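1. Return atomic coordinates for the entry below.
(one chain, ligands or ions: 1)
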Amino acid sequence: MRHHPDHIELVSDEELVYEDNWALFDQEEYPDFFPEDTRSLRSYTSEDGHYRTAFATRESTTIDGVPEPTGICLIKDEKVVSVTETIPVDKAIPANDGSVVAIGRDATKFIAFDPTGKLVLEEEFESNAGPITISPDGRFAAVTTAFPDNAAHLYDINQREYLGRKENPSTTVVKFLEFEQVTDGYVVNTYDIHPESSLASDVDPGRTEIIDRIPAAPISNSLEFDGAGIVVEGETWHHIKKETMEDVSSDLRIPGVTLDTSCGRVIEPLHADLIFQEVQQARQSQYEICSDCKSGLLSYPTEKVEKQGHKP
Ligand SMILES: [Zn+2]
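-> Next comes the predicted model:
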């Protein structure tokens with residue numbers, strides 16, 4: 001599913017059709033949204049071609065000064081089947097079942113609708129949000145954020161569940177993402193640049209490659225993973241919570257100082273093989289995290305988790 005916007009002309013009568021991109025609406029059914037008998041909107045098409053969205057990126061008025069509200073129309077096989085008034089939208093993408101994900105023009109609000117046009121998800125981000133995508137079956141949705149968050153956020157929109165946040169491993173921001181069906185479900189592929197971008201091929205072909213493949217499944221919350229890491233004897237490191245570290249002086253290798261690990265052991269740093277002041281250093285080292293520490297640390301957020309900028 002490669003998302004490219006089209007323009008679409010919505011008309012009340014087939015007599016009014018004068019170009020290929022059109023769909024019919026019933027003016028009696030949607031009088032407020034279509035005060036005139038035509039309206040020109042932006043559009044995206046589902047992977048199988050049956051559903052299209054039509055949406056307004058800003059409020060407008062007719063020549064007679066009648067306001068035309070913003071919202072998203074769902075079109076099935078060239079006929080408007082629902083109209084949902086909502087915020088000005090920058091992008092609204094339909095799945096093959098008629099579910100729709102959209103991103104507000106303000107780049108902070110991420111919304112999703114079921115095939116009847118009912119709102120099933122509304123999320124607001126501090127970082128600029130978008131690109132967005134929806135799985136072809138309409139079950140999963142994903143949105144990426146710019147800095148400081150710079151991550152992908154996944155949702156199960158059928159279950160109305162947040163699946164978690166995955167930090168973007170690249171130093172840039174995600175410019176495009178799409179679901180790919182795999183044997184046991186879906187993964188989201190993220191890209192540094194749109195894979196069909198003509199800009200990329202000349203400058204750096206590698207930029208069109210996938211940056212990250214994220215399974216559409218609950219994602220543990222790595223933001224909570226701070227503190228220190230300590231290698232006691234040889235092969236594994238144990239996690240020390242940040243609060244525990246704050247309670248002791250910076251010089252840990254003093255006789256009598258003890259620390260509680262996340263797995264419940266009490267250790268003396270004096271006898272530790274190695275001390276990593278930052279968990280990230282421990283994670284990047286050759287040592288594995290102790291499995292009991294790990295199972296105690298992993299948490300699966302039920303609400304959106306977002307990295308905030310440092311306040312001055
Ligand atoms: Zn441990």
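2. use CA for all of it now, contacts and neighbours both
-> Noted.
3. can you give me the helices for the protein?
-> Ranges of helices in the chain, per DSSP state H, are 198-203, 242-246, 279-284, 291-297.
4. Out of the ones you listed, which is closest to the ion?
-> Proximity to the ion (Cα to the ion) singles out helix 291-297 among the helices of the chain, at 4.1 Å.
5. what residue ranges in this structure score low on pLDDT?
-> 1-3, 198-206, 222-224, 310-312 (pLDDT under 70).
6. and it, which residues reach the ion?
-> 238, 263, 290, 293 (Cα under 5 Å from the ion).
7. Tell me how many other residues surround the second one.
-> Taking other Cα atoms under 10 Å as the criterion, the count of residues near residue 263 is 17.
8. before we move on, back to that, ok, so of the residues of the chain next to the ion, who is nearest residue 65?
-> Among the residues of the chain next to the ion, residue 293 lies closest to residue 65 (Cα to Cα), at 64.6 Å.
9. from the stretch 101-250 of the chain, which residue is nearest to the ion?
-> Among all residues of the stretch 101-250 of the chain, residue 238 sits closest to the ion, at 4.1 Å; criterion: Cα to the ion.
10. these two touch, right, that residue and residue 290?
-> Yes: judged on Cα atoms under 8 Å, residue 238 makes contact with residue 290 at a distance of 5.6 Å.
11. higher neighbour count, those two?
-> Between residue 238 and residue 290, counting by other Cα under 10 Å, residue 238 is the more crowded of the two (28 against 16).
12. In contact with the more buried one, which residues?
-> Contact partners of residue 238, counting by Cα atoms under 8 Å, 6 or more residues apart in numbering, are 229-232, 261-263, 289-290, 293.
13. Now restrict those to buried residues only.
-> Buried by 16 or more other Cα atoms under 10 Å: 229-232, 261-263, 289-290, 293, out of these.
14. contacting residues for residue 30?
-> The neighbourhood of residue 30, defined by Cα under 8 Å, 6+ apart, consists of residue 83.
15. looking at the chain, which residue ends up farthest from its center?
-> With Cα atoms, centre = their mean as the measure, the chain has its most outlying C-alpha, relative to the mean C-alpha position, at residue 255: 48.2 Å.
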